[in-house]
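Novice: Give me the fold of what follows.
(one chain, ligands or ions: 1)
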Amino acid sequence: MQSRKYSTQTWKQHPLNPKHLDHATIHWIFLVDLLNFSFWSDLDQEDRMNPHPDRYAVHYKGVTYTGYWSLCAAINRALDDNIPVTDPKYLAQANPEDLAKIFRSDTKEQVPLLDLRVRLMKEAGITICQHFGGSFVHCLQRANHSAQALLDLLLEHFPSFRDVHEFKGRKVHILKRAQILIADIWACFDGKGDGEFADIDSITMFADYRVPQALYHLGLLDYSPSLKKKLQHCQNLPSGCQEEVEIRGNSIWAVELVRRAILKRFPETPVNAILIDFYIWDLAKEIQNDMTIPTHRTRSWFY
Ligand SMILES: Nc1nc2c(c(CN[C@H]3C=C[C@H](O)[C@@H]3O)cn2[C@@H]2O[C@H](COP(=O)(O)O)[C@@H](O)[C@H]2O)c(=O)[nH]1
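Specialist: The predicted model follows:
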């Protein structure tokens, strides 16, 4: 595990991530994490690095992107076409057909939950214009460098970030996209300026579908024989069902235990759940072809 520099350098090194530390980058991160969900393909049960040829993909600057990176490629493609897709004023007044074109596919399959993505873009654009003077930066600055205050503002004003579920009669706040939004701003800005959060270490791992798969592969998470069977048969798990919430909740706990183990062994290491999560997610993409279990399949706008 490298130091904090790991996430910051890696974050900006990816060709699709923005390089300039300005307000346009904050708007880019907001839009990406507003839409950062459910890229797994109904067509592609293999889910390997060499994707099913019909699986939703975006060709951008000579590279074919699937999954999360296809979202970033689609947004960058729109910006290159002079469509101000990260500008809330544009989103508020744009017509849905034009917004849908941003996700046009270079294969047979279209992006999952397209209509929902368009709806969320319009709603967020209207909300930012009504409550934050047309710029998400004002929302960020209203949090006054507190991750938890920003989390509260996101949950108050943007309903799709309310990743909260019921588990055996108790409310479970998983909040994956709201937290990764904060983490991406922090990592991109190296914890400085607009990216400074005094309580950044209060952010948990982001309970998606890729990191749990890697945690299992690494022997840090285990599944019951019946759940393993469902995953191996690519059976859908309904959003909010007990097994799905167990996978997500235990993933958060597994990363917390990894964090404690690292600090016990290397007390001086500036590690937090974000850095561990980013490390495991990037690793998961590298070893995707060797994974010993498929990802779980829940069609959801939460992750
Ligand atoms: N826990 C966690 N989940 C993450 C990410 C990211 C992208 N982060 C990059 C940006 C900065 C960091 O340095 C990473 O390089 C996407 N996702 C989730 O994965 C799923 C997509 O997977 P696939 O279909 O294979 O592309 C989907 O649920 C998406 O929401 C992360 O970092 N952590």
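Novice: Enumerate the residues of this protein near the ligand.
Specialist: Residues of the chain found near the ligand (CB under 6 Å from any ligand atom) are 7, 10-11, 36-37, 39-40, 67-68, 206, 208-211, 277-278, 281-282, 303. Placement of C-beta: from N, CA and C, glycine included.
Novice: Could you pull out the helices in the chain for me?
Specialist: 5-13, 23-34, 67-80, 88-93, 96-101, 114-131, 136-142, 147-157, 176-188, 210-217, 225-232, 242-265, 273-286 (DSSP state H).
Novice: for these, which one ends up most surrounded?
Specialist: Highest mean neighbour count among those (mean count of other CB atoms under 10 Å): helix 176-188, with a mean of 26.
Novice: rewinding a little: take the helices of the chain and lay them out in a markdown table including distance to residue 299.
Specialist: Formatted as a markdown table, the helices of the chain follow (distance: least, CB to CB, whole Å):
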| stretch | distance to residue 299 |
| --- | --- |
| helix 5-13 | 28 |
| helix 23-34 | 18 |
| helix 67-80 | 15 |
| helix 88-93 | 24 |
| helix 96-101 | 18 |
| helix 114-131 | 10 |
| helix 136-142 | 27 |
| helix 147-157 | 22 |
| helix 176-188 | 15 |
| helix 210-217 | 15 |
| helix 225-232 | 15 |
| helix 242-265 | 11 |
| helix 273-286 | 20 |
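Novice: dump the residue contacts of the closest residue to residue 255 other than its chain neighbours.
Specialist: Nearest residue to residue 255, sequence neighbours excluded (CB to CB, 6 or more residues apart in numbering): residue 205, at 3.7 Å. By CB atoms under 8 Å, 6 or more residues apart in numbering, residue 205 lies in contact with 211, 251, 252, 254, 255, 256, 273, 274, 276, 277.
Novice: Tabulate those (JSON lines), appending pLDDT.
Specialist: Below are these laid out as JSON lines (pLDDT from 0 to 100):
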{"residue": "211", "pLDDT": "98"}
{"residue": "251", "pLDDT": "98"}
{"residue": "252", "pLDDT": "98"}
{"residue": "254", "pLDDT": "98"}
{"residue": "255", "pLDDT": "98"}
{"residue": "256", "pLDDT": "98"}
{"residue": "273", "pLDDT": "97"}
{"residue": "274", "pLDDT": "96"}
{"residue": "276", "pLDDT": "96"}
{"residue": "277", "pLDDT": "97"}
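Novice: Output the below-cut-off pLDDT ranges for the protein.
Specialist: Residue ranges of the chain with pLDDT under 70: 1-9.
Novice: residue in it nearest to the ligand?
Specialist: For the chain and the ligand, the shortest gap (CB to the nearest ligand atom) falls at residue 67, measuring 2.3 Å.
Novice: Was I right to think that residue contacts residue 37?
Specialist: No - with contact defined as CB atoms under 8 Å, residue 67 does not reach residue 37; the gap is 11.3 Å.
Novice: thinking again about what came up before, need the contacts of residue 205 in CSV with distance to residue 239, can you?
Specialist: Below are the contacts of residue 205 laid out as CSV (distance: CB to CB, whole Å):
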residue, distance to residue 239
211, 18
251, 16
252, 17
254, 21
255, 22
256, 24
273, 23
274, 24
276, 25
277, 21
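Novice: Residue 19 is in contact with residue 12, correct?
Specialist: Yes - counting by CB under 8 Å, residue 19 is a contact partner of residue 12 at 5.9 Å.
Novice: ok, the nearest residue to residue 134 once chain neighbours are set aside - contacts?
Specialist: Distance criterion CB to CB, 6+ apart; nearest residue to residue 134, sequence neighbours excluded, is residue 89 at 5.1 Å. The neighbours of residue 89, taking CB under 8 Å, 6+ apart as the test, are 125, 129, 134.
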